[in-house]
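> Model the structure of this input:
(5 chains, ligands or ions: 4)
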Amino acid sequence: GGSGDTASAGASTGETASVTEAGATTTASGKEVLRVAMSADYAPFDWLQEDDSNGAVMTSNGSYMNGYDVLVAKYIAEKLDMDLEITQIDWDGLILSIQSGKVDCAIAGMSITSERSQSVDFSDPYYNANIVAVVAADGPYADVVNVTDFEGATLTSILNTVWYDVLDKITDYATKDAALDTFASMVAAVHAGKIDGFTCDMPSAKSILVSNPDLKIIDFEGGTGFEVSNEETDLGIPCQKGNTELVDKINEVLAGLSKEDRDAMMDQAVASQPVSN
Amino acid sequence: MTNTPTTFFGWIIFLIQQYHGYYLQGLLTTLETSLAGTICGCFLGFLVGIIQATDIRAQDNMIKKILLGIPWVIAKIYVTIFRGTPMIVQAMVIYYGSSTVFGIDLKPFNAAIFIILLNTGAYMSETVRGGINSIDVGQIEGAKALGMGYVPMMIYIILPQTFKIIAPQIGNTFVANIKDTSVLNVIAVTELFYITKVAAGTYFRMFEAYTITALIYLTLTLLFNGLLKLIEKYMAGKESYEVLNPAAAK
Amino acid sequence: MTNTPTTFFGWIIFLIQQYHGYYLQGLLTTLETSLAGTICGCFLGFLVGIIQATDIRAQDNMIKKILLGIPWVIAKIYVTIFRGTPMIVQAMVIYYGSSTVFGIDLKPFNAAIFIILLNTGAYMSETVRGGINSIDVGQIEGAKALGMGYVPMMIYIILPQTFKIIAPQIGNTFVANIKDTSVLNVIAVTELFYITKVAAGTYFRMFEAYTITALIYLTLTLLFNGLLKLIEKYMAGKESYEVLNPAAAK
Amino acid sequence: MARQSIFKFNERVTTEAKDATYEFRGPVISVRNLEKKFGEHEVLKDISFDLFEGDVVCIIGSSGSGKSTLLRCINHLETPTSGQILYHGYPLTKDAQTINRFRSQVGMVFQQFNLFNNMTVFDNCMAGVHKVKKRSKEYSTEICMKYLEKVGMAPYVKAKPHQLSGGMKQRVAIARALAMEPEVLLFDEPTSALDPEMVGEVLSVMKQLANEGLTMVIVTHEMAFARDVSTRTIFMDKGYIVEDAPPQELFNNPKEARTREFLSRFMQG
Amino acid sequence: MARQSIFKFNERVTTEAKDATYEFRGPVISVRNLEKKFGEHEVLKDISFDLFEGDVVCIIGSSGSGKSTLLRCINHLETPTSGQILYHGYPLTKDAQTINRFRSQVGMVFQQFNLFNNMTVFDNCMAGVHKVKKRSKEYSTEICMKYLEKVGMAPYVKAKPHQLSGGMKQRVAIARALAMEPEVLLFDEPTSALDPEMVGEVLSVMKQLANEGLTMVIVTHEMAFARDVSTRTIFMDKGYIVEDAPPQELFNNPKEARTREFLSRFMQG
Ligand SMILES: Nc1ncnc2c1ncn2[C@@H]1O[C@H](COP(=O)(O)OP(=O)(O)OP(=O)(O)O)[C@@H](O)[C@H]1O
Ligand SMILES: Nc1ncnc2c1ncn2[C@@H]1O[C@H](COP(=O)(O)OP(=O)(O)OP(=O)(O)O)[C@@H](O)[C@H]1O
Ligand SMILES: [Mg+2]
Ligand SMILES: [Mg+2]
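Ligands and ions are numbered 1, 2, ... in the order given. Okay, here's the model as predicted:
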């Protein structure tokens, strides 16, 4: 279904958007609309569920989306006094949607890099996730505390991510395997014994464990893990290049969202995943 | 946490419970786009295949050469580009490109059908060309000798015989299209495959999520193949024939 | 940051500079897997297509029925499953499943070829079946009347004629395979498409990154089609023939 | 039988030909210095002859001498390497429409029959009259059934070609060509698969049509048939026309040694 | 010519047949109460006859009377609806190997020739001798060239079927069947596309083979040919064998009214 379907849903986000003379998109309620794209396949940041429980939002595709990204989007829209319209789209499509003006921004767990900043304008970070490893709970590396304990292990992650890049530091004593494409395939690879574990961000790791209790998170305490700067693990909201107005507005809202608020929101998101209630 | 499934089938049932609505919706979208795309694409493929099978002869006059040549060149370029590039790129260019460059705001669903149609047309045209070339030249000469023009010859003689040869190919194409719709999530079409990715990305249970999808695909394929067999059978006609009483015959 | 490209072509050149090594490596993987998979798959497809084209007649005796029937049923199941399910599922099951269930540790690269091969075989078998069915029955009767067995008849008479008919189909299959390798990142094969995603994801330049890939695909397709045309031409043989001097003959 | 006049037809084919018919009542078809090569292989060499209205020309000659190729050239199914085919004195332009009109007036029965495999016997006949000549369904049905009856194939109208015997296919091919009511008919061994009874039937249909002004060219290996039916007989050998004479002359008194040699078995038999 | 003896062949076909040849020197092939239906359509009705070594049986009859179907049944290309085909007194088992061995001894020349389109004239001939009968390349080449020369096709060994005239194809088909050196040969209108000269040539080859003990069944529409070449002539009508007699008798003194009627045109001609 197209965006027309959402009108009947009657949710605050559901009214049919139209373009005013000024160029800004508004709804029948008169408010401007914040059009946000998300990919929906990246728990706990975003996922789909069958109904609007736990504050899920109906997307323009007619599905109900929830997760940390949705919570943040709602928060921003509310603070900016705008109606929220979420479009569910595949990862590759997110950026194209922004660049072609089909949406205003994407909130999809994207890390801020200087390379990406050449093509989009990022907001300030809306989450910072530290790097952890996920291994089999009954495997030989279940009791690792320091990265150096991964001697002889085979680890991997997703290509072109900071999680994969940090594995360069362990190649002296462990194997950095060929990169995979999703967390889901890495979980399958651990189950199949193809790898011993993989690196990822903490929220994802928590989500993974919710549905895969036979895995274990290795959360390195200070000095025992992969030293990376905050910038490398900061997640931001990309907007169309040059749309400084929107970036400024979002930054203003994010400034009012403390680290504690963010962690609370993330905990709420992890807790609302359908399987855990 | 108490009701987390522990077995393979437990997970499958759980995922179906969680996402049955989406699976259905995705299935519908997949079906609609791929069916519409395949059917229209087959017509396009026949058209383009016919254009490509026309041979322009040295002795034709200039005007005829141009009249036949232009569609031939266009067809050639079209087929080369659409066979030669990935569907995802075509989807991006058609959906986002049309909006960026021409300001046309295509609905994702319509864009999806359009993309599948163009893609199918390109592949089918090759198939049709092969089919036409495999028809016994006696059939063509028989038609020519009656003074039959190119178009009626195609419609009454060549294409019905070609269809019989390439029917399995049409099946292949539809089956491939059902699967290929998966790249359409890049243009915000939520089809079956996307739902699967969502299910896998939310619960990190790849095997289970994809098994459900595989079963749905399998069912669709079997149904469609059954349908195609029926059509083939219908087109082949009766094996036996009536011998009329010479007196009764007219 | 000073040398950030600003134009479409600027970005394309920039991405090529940044990633040419990866692109090359991905291209190589794509080529190797799809070429090996297509070639082996075609052989498999011919084999399975032949098995499926055998008709078991009511008057055959029990042993023959069983001997012909078992491969037929196996072929049928194989084709149904591999045509009916998405390649990504096949990849997961074969790669991860073989290790979980049988403890076989397949190399991703080998698994990739294996998967493409099985997939191609299933599609090709349908094509081959269609091609065989389109051969004039006179050809088959001619062979039978010489007392030729089923296998030599296939090898010397039917398949050479079938090949001519389905050659465009083989082209289609290879082109499709080149593109289909993209699902293989699920089993840690880093092919062209994955590299594209990385390049696109790093700089958020989807159009540019995919355009490069599309151009590479296009080139491959054109090359392969040219090759196929040559083979077709070679197989068709000379148009003219020599008339021997009756005295010299013998 | 309401056979179309030459005039009416010419109005529809080419304007040049239209003028021609008023001042020039020459041959319907003239073949002028026709040559045909397949690659290196020269199959027709300097062939010239004329066909007049009502002519029944039989072409005899050994296997491979170029008889079928000649018929195919006349009907534009093969492109001559050099030479001309004139229709009512004028060469045809090469656009598809003119050639198709020409072909619908110059029927052909092939050595291999070339029936449409996907159609029944009846539809095979209708293809020409109804689909090409656009005659009404009633009229087409009537004329098709008339000729199918004449060749004894009326009971089989519902059969498909692969369900017919060789002779049956040949008879359907003859009926299909006759139903087009052409001005000229080219037959390539029209009785090769027929039994003597059927040959007799076909022969009588042909004689009747010849009397009504139909022009025919018949390639045949049956010397008795050629002698009985033709107004002129052409003997071909190795791509040349060796002799072109009335049958009485050619059969009883052949001028050329090669003709005598070729006919020797027939004469003895 | 080193023709294979019946004994040798039987050793290779079935063990039943092997025993048979010592005690029983009956017909090579017997057809017993053969019936064939296509759907509702009864094409062969209660056909019975015997073929003895050296027999040359011509089958004549009107178009569609079931002659081709009968030959195809004998060669197991069609499955009879009922009745039996005995080979040296024994029915063949139905496994593919026995049938293939049988077929390689019972050659067939088709009405539509059925040459292999993808092979040259030479390879068409070699297919049987070299590929099926597994004779050495030298031997196969020799025998193929021998028969191709006999039918005058030696110069065309490098041509493909679509490059040949109708008569040429027919001659290649004959050479291909002869090169197999079969025990029995089934000809379906073997001279339909041949000119009188060539018919003479083929006739003399056939006569020579008959003298060497080859058994032949020839479907033909050429009455003179049937009369001259056959040791027995069978007249078929509407699926029945109406008359089965030596040619002198059948042609000069037909017993049945239908036979007389059928032959009337030939008798007059
Ligand atoms: N596959 C088939 N399906 C249905 N009917 C068939 C089939 N093959 C042959 N027949 C019918 O069987 C009858 C006998 O055919 P057959 O080919 O044996 O005739 P024939 O005696 O060889 O005739 P001809 O001299 O014309 O070749 C015909 O009426 C034909 O229509
Ligand atoms: N497509 C072709 N390519 C090459 N050679 C050809 C082709 N068609 C015909 N020929 C050659 O042309 C010559 C004449 O063939 P054509 O069919 O005209 O003979 P014909 O007189 O009809 O013989 P027949 O009485 O055997 O039918 C033959 O030598 C044949 O090999
Ligand atoms: Mg000819
Ligand atoms: Mg017959």
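> Show me what counts as buried in the worst-scoring helix or strand of chain B on mean pLDDT.
When the helices and strands of chain B are scored by mean pLDDT, DSSP states H and E, helix B:98-102 comes last with a mean of 80. Buried residues in helix B:98-102, counted by 16 or more other Cβ atoms under 10 Å in any protein chain shown: B:98, B:99, B:100. Bear in mind the C-beta positions are built from the backbone N, C-alpha and C, glycine included.
> Please apply the same query to stretch B:114-125.
Neighbour-count burial for stretch B:114-125, counted by 16+ other Cβ under 10 Å, picks out B:114, B:115, B:116, B:117, B:118, B:119, B:120, B:121, B:122, B:123, B:124, B:125.
> and of the residues you listed, the nearest to ligand 1?
Among the buried residues of stretch B:114-125, residue B:124 lies closest to ligand 1 (Cβ to the nearest ligand atom), at 32.2 Å.
> thinking that closest one is in contact with residue B:47, fair?
No: here residue B:124 does not reach residue B:47: they are 9.6 Å apart, not a contact under Cβ atoms under 8 Å.
> Do any residues in the next helix or strand after the least confident helix or strand of chain B lie close to chain D?
The element immediately downstream of helix B:98-102 (helix or strand, assigned by DSSP states H and E) is helix B:108-133. No: counting by Cβ under 8 Å from any Cβ of the partner chain, chain D has no neighbours in helix B:108-133; the shortest distance is 13.1 Å.
> Helix B:108-133 and chain E, any residue contact?
No: Helix B:108-133 stays out of contact with chain E when judged by Cβ under 8 Å from any Cβ, the minimum separation being 13.5 Å.
> just the angle between that helix and helix C:108-133, please?
Counting by axes from the mean of the first three to the mean of the last three Cα atoms, to 10 degrees, helix B:108-133 lies at 50 degrees to helix C:108-133.
> can you give me the helices for the chain?
Just going to use chain A. Here chain A has its helices, by DSSP state H, at A:5-9, A:68-79, A:91-99, A:114-117, A:162-165, A:183-191, A:202-211, A:230-233, A:244-255, A:259-272.
> my bad, the chain I had in mind was chain D
Using DSSP H, helices in chain D cover D:6-13, D:15-23, D:67-74, D:96-105, D:121-126, D:137-150, D:166-179, D:196-211, D:223-229, D:247-252, D:257-268.
> Adding mean pLDDT and mean neighbour count, write the ones you listed out as TSV.
Rendered in TSV, the data for these read as follows (pLDDT from 0 to 100; neighbours: other Cβ atoms under 10 Å in any protein chain shown):
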stretch	mean pLDDT	mean neighbour count
helix D:6-13	36	16
helix D:15-23	44	14
helix D:67-74	94	24
helix D:96-105	87	19
helix D:121-126	95	24
helix D:137-150	94	18
helix D:166-179	94	26
helix D:196-211	86	17
helix D:223-229	87	19
helix D:247-252	92	17
helix D:257-268	82	16
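> so which of those comes closest to residue E:173?
helix D:166-179 (13.8 Å; Cβ to Cβ).
> Would you pull up the residue in the stretch 51-200 of chain A closest to chain B?
Here the stretch 51-200 of chain A gets closest to chain B at one residue, residue A:90, 3.6 Å apart by Cβ to the nearest Cβ.
> Switch the helices of chain A over to CSV; also include distance to ligand 2 and mean neighbour count.
Shown next, in CSV, are these (distance: least, Cβ to the nearest ligand atom, whole Å; neighbours: other Cβ atoms under 10 Å in any protein chain shown):
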stretch, distance to ligand 2, mean neighbour count
helix A:5-9, 63, 15
helix A:68-79, 71, 23
helix A:91-99, 54, 26
helix A:114-117, 64, 16
helix A:162-165, 64, 21
helix A:183-191, 58, 25
helix A:202-211, 70, 22
helix A:230-233, 73, 15
helix A:244-255, 73, 16
helix A:259-272, 76, 16
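> Phi, psi for residue B:79 please.
Main-chain dihedrals, residue B:79, degrees, to the nearest 10: phi -60, psi -40.
> And for it, nearest residue in space, chain neighbours not counted?
Leaving aside its chain neighbours, residue B:79 sits nearest to residue B:122 (4.7 Å; criterion: Cβ to Cβ, 6 or more residues apart in numbering or on different chains).
> host element of the nearest residue to residue B:116 once chain neighbours are set aside?
By the measure of Cβ to Cβ, 6+ apart, the closest residue to residue B:116 outside its immediate chain neighbours is residue B:37, 2.7 Å from it. Using DSSP H and E, residue B:37 sits in helix B:8-53.
> Next, see if stretch A:227-240 gets close to chain C.
Yes: against chain C, stretch A:227-240 shows contacts by Cβ under 8 Å from any Cβ at residue A:238.
> Quick check, pLDDT for residue 75.
Chain wasn't specified; assuming chain A. Note on residue A:75: pLDDT of 94.
> was after chain D, sorry
For residue D:75, pLDDT reads 91.
> ok, back up a step: which one of the helices of chain D lies nearest to chain B?
Chain B lies closest, by Cβ to the nearest Cβ, to one member of these: helix D:96-105, at 2.9 Å.
> which other helices and strands contact that closest one?
helix D:6-13 (3 or more Cβ pairs under 8 Å, 6 or more residues apart in numbering or on different chains; DSSP states H and E).
> residues touching the residue nearest to residue A:193 when sequence neighbours are not counted, list them.
Nearest non-adjacent residue to residue A:193, counting by Cβ to Cβ, 6+ apart: residue C:99, 5.9 Å away. By Cβ atoms under 8 Å, 6 or more residues apart in numbering or on different chains, the residues touching residue C:99 are A:192, A:193, A:194, C:105, C:106.
> Recalculate using a threshold of 7 Å.
Contacts for residue C:99 (Cβ atoms under 7 Å, 6 or more residues apart in numbering or on different chains) come out as A:192, A:193, A:194, C:105.
> ok, residue A:136 touching residue A:217?
No: using Cβ atoms under 7 Å, residue A:136 makes no contact with residue A:217, being 11.6 Å away.
> Spit out the residues that contact these two alike.
Residues touching both residue A:136 and residue A:217 (Cβ under 7 Å, 6+ apart): none.
> what's the neighbour count on residue B:165?
Residues near residue B:165, counting by other Cβ atoms under 10 Å in any protein chain shown, number 22.
> ugh, typo on my part, it should be residue A:143
Quick note: residue A:143 (other Cβ under 10 Å) scores 10 neighbours.
> of all of chain B, which residue lies closest to chain A?
Closest point on chain B to chain A, by Cβ to the nearest Cβ, is residue B:201, at 3.1 Å.
> which residue sits closest to residue A:198, ignoring its sequence neighbours?
residue A:186 (4.4 Å).
> pretty sure the one you found is touching residue A:180, no?
Yes: Residue A:186 sits in contact with residue A:180 when judged by Cβ under 7 Å, with a separation of 5.1 Å.
> Mind listing the shared neighbours of these two?
Residues touching both residue A:186 and residue A:180 (Cβ under 7 Å, 6+ apart) are residue A:156.
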